[in-house]
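Q: take a look and give me a structure for this.
(one chain, ligands or ions: 2)
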Amino acid sequence: MLSRENNERLTRVGPGTPMGKLMRCYWIPAAFASAVPEPDCPPVRVKLLGENLVLFRDSSNRLGLIDERCPHRLASMFFGRNEENGLRCVYHGIKFDVTGACTDAPCLPPSSPEVVDAVKKGLRVKSYRCMEKAGVVWTYMGEGEPPAFPDLEWTMVPENHRFASRHIQECNWLQALEGGFDAPHLTFLHASGNPNSMRSIVPSFYEVAASDFGFVVATGRDFGKETIAWNLNIMLMPFHKIISTSPFGAHMWVPMDDDNTMLYSVDFQPGRPLNDAELAKAKSGEWIHSENLPGSDIGVRNKSNDYLIDRELQKSGKSYTGLKGFGTQDCAIQESMGPIVDRIDEHLLAGDAAIIKLRQLLLNALRDHEAGKPVPGGDPASYRVRSTRCELPRDANMSELITQLVIVEQKQAAE
Ligand code: FES
Ligand SMILES: [Fe+2]
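A: Residues are numbered from 1 along each chain as shown. Ligands and ions are numbered 1, 2, ... in the order given. Just a heads-up that it's a prediction; the model follows:
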């Protein structure tokens, strides 16, 4: 369980909240760059950290992410005209550039240039800095100068080495992220057969340790050998995970607001392009993110239709849940806990050790940030790391485990 106060601290992400302030210390994905494919294309809505924003690409190819509300009479800038290096509100024609400055106010009655200038200065719209990297528009929503962009491996590989998609999870970001680091559920929720026969692969050991980039979550399975089989997963601040599959996977649980999360998923190969089979799998219906409702980021199988659960399939023993695809299974269960799970009612078990520690470390990060200490991940090079699997002697401790993480070479990553 977690106290109500700490649950609030960890889950709320709006402006001025403790986690909202911490999240705003990092570069955050706002949209795929393909959502604004060319200069002067239509603007798109973006919801991030509880803020309603509009993203546009101006005539000079600069990206702008501004408050959706026009500062004049608060009409939506989504309906704006994107023209001649600015987005013009269609209610009374006031125009803003990518920095949020008002560059034209044609609705003003004739007056001196000084008066026009003063009015325009007062009409600034809130704007956030953007950059385009690895097919994603990233934004910095904090104060002052942004940090250097983190050396996430998937963002440094050539375009044909990666495939990315996204979908909305209708629940709080932490609930979704915890699901990503919950090892025991793999044996049940995602089982294709009868998991009673798979109890032997439920992990026996759980360790979590803070690191330069965030946290290392280690899960050990005991197969009765001289060694323990470890899975080392990394949580890179503030919401990234790298998965040691082939191809590698990356997830980002990006909070849209307190109750909704945009999950970005990336498959990538560091040393070569994804092959046809890998691409087909990444795009296949096995994963919910490739099957979004047309024109939306909501999965075809979603809360409103009980994720199209197939009870016959569940009964047949071919699927534990009767839900198709890992993504659907995760969504169904994580959303079923409510928009923000009230963790005071939980009854945590030994297999939740990693989740408990992860929460503690996040609370520590909040406390340190509030005390003015540096946030984890301040050094972009600290992100140059991969999750991994390994076998180690039974007496291996956490510091030995951490040495097994694969450090991504700069040369390799820059290929
Ligand atoms: S509300 Fe936007 S110009 Fe008036
Ligand atoms: Fe899962």
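Q: what pLDDT is listed against the residue nearest to K283 when sequence neighbours are not counted?
A: Using Cβ to Cβ, 6 or more residues apart in numbering and skipping the chain neighbours, the partner closest in space to K283 is S290 (4.9 Å). Where C-beta positions appear, they are placed from N, C-alpha and C, glycine not excepted. Reported pLDDT at S290 in the predicted model: 74.
Q: how does this structure divide up, domain by domain?
A: Split into domains by automatic domain parsing, the chain comes to 34-140, 153-413.
Q: chain center to the longest one: distance?
A: Translated: domain 153-413. The chain centroid and the centroid of domain 153-413 are separated by 11 Å, computed with Cα atoms, centre = their mean, to the nearest Å.
Q: got a list of contacts for the longest helix that the chain contains?
A: Using DSSP state H, we find that the single longest helix of the chain is helix 353-370. Here helix 353-370 makes contact (Cβ atoms under 8 Å, 6 or more residues apart in numbering) with 2, 6, 9-10, 18-19, 21-22, 25, 174, 178, 181-183, 206-208, 210, 215, 217-219, 235, 237, 348, 374-376.
Q: now stretch 69-88
A: Here stretch 69-88 has contacts from 40-45, 52, 54, 56-60, 62, 64, 66-68, 89-92, 94-98, 102-104, 123-125, using Cβ under 8 Å, 6+ apart.
Q: ligand 1 contacts on the stretch 51-200 of the chain?
A: Taking Cβ under 6 Å from any ligand atom as the measure of proximity, the stretch 51-200 of the chain contacts ligand 1 at C70, H72, R73, A75, C89, Y91, H92, I94.
Q: any chance of those residues in CSV with secondary structure as columns?
A: Formatted as CSV, these follow (DSSP: H, G, I helix; E, B strand; the rest coil):
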residue, secondary structure
C70, coil
H72, coil
R73, coil
A75, coil
C89, coil
Y91, coil
H92, coil
I94, coil
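Q: any idea how many residues pack against E83?
A: 12 (other Cβ atoms under 10 Å).
Q: please tell me how far it sits from S59.
A: Distance of E83 to S59, computed by Cβ to Cβ, to the nearest Å: 7 Å.
Q: intersection of neighbour lists for these two?
A: D40.
Q: tell me the contacts of the closest residue to ligand 1 within the stretch 301-415 of the chain?
A: Distances between the stretch 301-415 of the chain and ligand 1 by Cβ to the nearest ligand atom are smallest at P339, namely 31.7 Å. Shown in contact with P339 (Cβ under 8 Å, 6+ apart): E170, C171, N172, D258, D259.
Q: hmm, back to that, which of the contacts of stretch 69-88 are buried?
A: 40, 43-44, 52, 54, 56-58, 64, 66-68, 89, 91, 94-98, 102-104, 123, 125 (16 or more other Cβ atoms under 10 Å).
Q: filter the residues you listed down to the ones in strands?
A: 44, 52, 54, 56-57, 64, 66-67, 95-96, 102-104 (DSSP state E).
Q: low-scoring pLDDT stretches of the chain, where are they?
A: Applying pLDDT under 70 to the chain flags residues 194-200, 285-287, 411-415.
Q: can you map out the helices along it?
A: Using DSSP H, helices in the chain cover 4-11, 18-23, 113-122, 153-156, 173-180, 276-283, 311-316, 326-336, 353-370, 398-402, 410-413.
Q: could I get those in CSV, plus columns for mean neighbour count and distance to R343?
A: Shown next, in CSV, are those (neighbours: other Cβ atoms under 10 Å; distance: least, Cβ to Cβ, whole Å):
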stretch, mean neighbour count, distance to R343
helix 4-11, 17, 5
helix 18-23, 21, 14
helix 113-122, 12, 45
helix 153-156, 22, 31
helix 173-180, 23, 9
helix 276-283, 14, 33
helix 311-316, 11, 28
helix 326-336, 21, 13
helix 353-370, 18, 8
helix 398-402, 14, 25
helix 410-413, 12, 37
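Q: from the chain's centroid, how far away is stretch 83-99?
A: Per Cα atoms, centre = their mean, the centroid offset for stretch 83-99 relative to its chain is 30 Å.
Q: ends of that stretch, how far apart?
A: 15 Å (Cα to Cα, to the nearest Å).
Q: likewise for stretch 149-163?
A: 20 Å.
Q: now that stretch: how far from the chain's centre is it?
A: 15 Å.
Q: repeat that for stretch 13-20.
A: For stretch 13-20 - counting by Cα atoms, centre = their mean - the centre lies 16 Å from the chain centre.
Q: and stretch 24-33, by the same measure?
A: 9 Å.
Q: so that it lines up with my notes, have the first residue be 47 from now on.
A: In the new count, where the first residue is 47, that last one comes out as stretch 70-79.
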